[in-house]
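[1] Got a predicted structure here, sequence first:
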Amino acid sequence: MPSSVRRFTMAAMSNSLSLKHGLSLWCPQTSSLTQSRAHPSSTSLTFRPFRRCYAAFANENREYVIVGGGNAAGYAARTFVEHGMADGRLCIVTKEAYAPYERPALTKAYLFPPDKKPARLPGFHTCVGSGGERQTPEWYKENGIEMVYQDPVENIDIEKQTLTTSSGKLLKYGSLIIATGCTASRFPEKIGGNLPGVHYIRDVADADALILSLQKAKKVVVVGGGYIGMEVAAAAVGWNLDTTIIFPEDHLLQRLFTPSLARRYEELYQKNGVKILKGASIKDLEAGSDGRVAAVKLGDGSIVEADTVIIGIGAKPTVSPFERVGLNTDVGGIQVDGQFRTSIPGIFAVGDVAAFPLKIYNRTARVEHVDHARRSAQHCVKALLSAQTHTYDYLPYFYSRVFEYEGSPRKVWWQFFGDNVGETVEIGNFDPKIATFWIESGKLKGVLLESGSPEEFQLLPKLARSQPVIDKAKLQNATSVEEALDIARGSLSVEAAV
């Protein structure tokens, strides 16, 4: 055997799960997933040895298969192309009829009325959301990537390394990336969750159906006070529709906003004509004589008329049919390590469906956000193809943009970085700026900024990642958002000098 072959390291082999000529490189012998007992809040994966195995690929075999056609799949595909490993080697299997696209658009510009320049495909295919190339269906063809549309995977045989789709198509993989994302949480059918006129949004088909309803609607009810609810309600305002938001929590976006901050946004929505029913439970959705939804019945017996209802009450990770790969029972999703490897050699999971070690806060997390979908996909593919060994080090980031259609008197765009723990300091009058700082044990842990400048937004991740010691009293005495950010910026300088 040539010495160059003998020097081929295990570090490279463990991440490269297929050979140039279509040979399966790894066959699992045994594997296990274990959690670190010394630090229960952190998760590590331990793999038992697995043997090398060669088997000639037939025509249905693929070196790399991505299951799922969302944001993560699009960014993973770009990374395969950048490494020269896509042409004739990569297959993407999706239940959708479209090439991967920037999903956040569906609850934002896609829902704008026709006279307000709504977003439409191919305008927001990945990777335009991060300033990259627009990857149309032709892009995938030009780069030799096989796309299997409208044919979701229904079964996996881990031992044989095969996938079976709903049409019966059999795919043998060398390496598998699970990028199935999430499925919208639904109301039960028995309380009207499937009535005509009741909508959920996860894909283009869902959004198209909603637009058809909005074109005829007069009274819209949005159930849920989170990201989806706030964005859809803002879009409905653009259609000049009677709009009501109903949610059980005490205020909008309760998992992130403070009560004071939420009040500012609630007042803005109310100024735009949106009615807000807080702390309300829903008993059922009632149908009219035509069988379509006609009203929402609340827990207290009161009725809210509606001819269109949008349910935005969260989502669940789409783990089926991959349960055997290993699930996380705390945060949901498929458990992975810092390279997005599951407990089964050759199988990876990225994006919303992955439960991964959140290194900066030493805990396991599952993040439903486009930024994580992009970054996790890129990190995973680089690890798979290049023997990259450093652990994914993600900084939580969330944002929203609403009321951005033409003619809107006030556009809203906020960004948040870090962890919303500890005490809070709020600066600004929402005219248009406001900032909220989260401080724990004297350190700045998270920051949210509304209507910041590009330079101010760029400061936020630096603050959240550095977690500098900050003078809370000095911050509280700031007379403007700009002054507060200058104080926070100064704490970075002090931290660097120590």
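    Here it is on my side, so go on. Residues are numbered from 1 along each chain as shown.

[2] Where does the prediction get shaky in this structure?
    1-59, 495-498 (pLDDT under 70).

[3] centroid residue for it?
    His369 (2.7 Å; Cα atoms, centre = their mean).

[4] which non-adjacent residue is nearest that one?
    Leaving aside its sequence neighbours, His369 sits nearest to Phe398 (Cβ to Cβ, 6 or more residues apart in numbering; 6.0 Å). Where you see a C-beta, it was placed from the backbone N, CA and C, and this is true even at glycine.

[5] Run through the bridge partners of the one you found.
    Phe398 forms beta bridges with Phe416, as assigned by DSSP bridges.

[6] What is the neighbour count of it?
    Per other Cβ atoms under 10 Å, the neighbour tally for Phe398 reads 21.

[7] I'd assumed Phe257 was in contact with it.
    No - applying Cβ atoms under 8 Å as the test, Phe398 and Phe257 come out as separate, 10.8 Å apart.

[8] Check the offset of stretch 154-171 from the chain's centre.
    Mean-position distance between stretch 154-171 and its chain equals 26 Å (Cα atoms, centre = their mean, to the nearest Å).

[9] With just CA atoms, put that stretch into PDB.
    Extracted C-alpha coordinates of stretch 154-171, given in PDB (Å, rounded to 0.1, in the frame of the first residue of the first chain):
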ATOM      1  CA  GLU A 154     -41.400   8.100   4.500                       C
ATOM      2  CA  ASN A 155     -39.000   5.500   5.700                       C
ATOM      3  CA  ILE A 156     -35.300   4.900   6.400                       C
ATOM      4  CA  ASP A 157     -33.400   1.700   6.700                       C
ATOM      5  CA  ILE A 158     -30.400   2.600   8.700                       C
ATOM      6  CA  GLU A 159     -28.600  -0.700   8.300                       C
ATOM      7  CA  LYS A 160     -29.000  -0.700   4.500                       C
ATOM      8  CA  GLN A 161     -28.500   3.100   4.300                       C
ATOM      9  CA  THR A 162     -31.600   3.500   2.200                       C
ATOM     10  CA  LEU A 163     -34.500   6.000   2.100                       C
ATOM     11  CA  THR A 164     -38.000   5.300   0.700                       C
ATOM     12  CA  THR A 165     -40.100   8.200  -0.500                       C
ATOM     13  CA  SER A 166     -43.900   8.400  -0.700                       C
ATOM     14  CA  SER A 167     -43.900   7.500  -4.400                       C
ATOM     15  CA  GLY A 168     -41.800   4.400  -3.600                       C
ATOM     16  CA  LYS A 169     -38.500   5.800  -4.900                       C
ATOM     17  CA  LEU A 170     -35.600   4.100  -3.200                       C
ATOM     18  CA  LEU A 171     -32.400   6.100  -2.500                       C
END
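
[10] ok, residues contacting it?
    Stretch 154-171 is touched from outside by 24, 27-28, 60-62, 65, 67, 91, 93, 148, 151-153, 172-174, 176, 321-322, 324-325, 344, 346-347, with contacts defined as Cβ atoms under 8 Å, 6 or more residues apart in numbering.

[11] Now list the buried members of those.
    Burial by neighbour count, judged by 16 or more other Cβ atoms under 10 Å, picks out 24, 27-28, 61-62, 65, 67, 91, 93, 148, 152-153, 172-174, 176, 321-322, 325, 344, 346-347 from these.

[12] How about the helix or strand hosting Leu463, which residues are buried there?
    Using DSSP states H and E, Leu463 falls within helix 454-466. Neighbour-count burial for helix 454-466 flags 456-457, 459-461, 463-464 (criterion: 16+ other Cβ under 10 Å).

[13] Distance to Met85 for those residues - can I get that in TSV?
    Output for the buried residues of helix 454-466, formatted as TSV (distance: Cβ to Cβ, whole Å):
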residue	distance to Met85
Glu456	39
Phe457	34
Leu459	37
Leu460	35
Pro461	30
Leu463	37
Ala464	34
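
[14] I'd like to know which of those residues is nearest to Asp419.
    Relative to Asp419, the closest of the buried residues of helix 454-466 is Ala464; by Cβ to Cβ it sits at 7.6 Å.

[15] Verify the contact between that closest one and Tyr394 for me.
    No - using Cβ under 8 Å, Ala464 is not in contact with Tyr394, being 11.4 Å away.

[16] Is Thr164 located within a strand, as I assumed?
    Yes - per DSSP: H, G, I helix; E, B strand; the rest coil, Thr164 lies within a strand segment.

[17] ok, it to Ala97 distance?
    Using Cβ to Cβ, to the nearest Å, we find Thr164 at a distance of 20 Å from Ala97.

[18] So the two - more neighbours on which side?
    Neighbour totals were compared for Thr164 and Ala97, and Thr164 leads with 15 against 11 (other Cβ under 10 Å).

[19] excluding its backbone neighbours, what's nearest that one?
    Spatial nearest neighbour of Thr164, excluding adjacent residues (Cβ to Cβ, 6+ apart): Asn155 at 4.2 Å.

[20] and that neighbour, that one's in a strand?
    Yes - residue state for Asn155 (three-state DSSP) corresponds to a strand.

[21] What number of residues are in the vicinity of it?
    Counted by other Cβ under 10 Å, the residues lying close to Asn155 total 12.

[22] on contacts alone, who are the packing partners of the one helix or strand Ala355 maps to?
    Using DSSP H and E, Ala355 sits in strand 354-358. Contact analysis of strand 354-358 by 3 or more Cβ pairs under 8 Å, 6 or more residues apart in numbering; DSSP states H and E lists strand 334-335, strand 363-365 as its packing neighbours.

[23] Residues in contact with that strand: which ones?
    Residues outside strand 354-358 that contact it (Cβ under 8 Å, 6+ apart) are 42-44, 178, 327-328, 330-338, 340, 363-367, 376, 391-392, 394, 396.

[24] And the buried ones among these, selectable in PyMOL?
    Buried members of these, defined by 16+ other Cβ under 10 Å, are picked up in PyMOL with:
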select buried, resi 43+178+327+328+331+332+333+334+335+336+337+338+340+363+364+365+366+367+376+392+394+396
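
[25] related to what we said a few turns ago, for the residue nearest to His369, give its distance to Leu460.
    For Phe398, the distance to Leu460 equals 11 Å [Cβ to Cβ].

[26] can you check Tyr361 too?
    Distance, Tyr361 to Leu460, by Cβ to Cβ: 17 Å.

[27] again with Ile211
    34 Å.

[28] With Cys380 instead?
    26 Å.

[29] swap in Tyr405?
    From Tyr405 over to Leu460 the distance is 26 Å, taken as Cβ to Cβ.

[30] just Ile439 next, same as before
    15 Å.

[31] Could you do Thr180 as well?
    Using Cβ to Cβ, we find Thr180 at a distance of 30 Å from Leu460.

[32] now Glu482
    14 Å.

[33] do Tyr269 as well
    Separation of Tyr269 from Leu460 (Cβ to Cβ): 24 Å.

[34] what sits against Asp203?
    With contacts defined as Cβ under 8 Å, 6+ apart, Asp203 is in contact with 96, 103, 106.

[35] what about the helices in the stretch 51-200 of the chain?
    Using DSSP state H, counting those that start in this stretch, the helices found in the stretch 51-200 of the chain span residues 71-82, 137-142.

[36] Now render the ones you listed as JSON lines, adding distance to Arg292 and mean neighbour count.
    Shown next, in JSON lines, are the helices of the stretch 51-200 of the chain (distance: least, Cβ to Cβ, whole Å; neighbours: other Cβ atoms under 10 Å):
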{"stretch": "helix 71-82", "distance to Arg292": "33", "mean neighbour count": "26"}
{"stretch": "helix 137-142", "distance to Arg292": "35", "mean neighbour count": "15"}
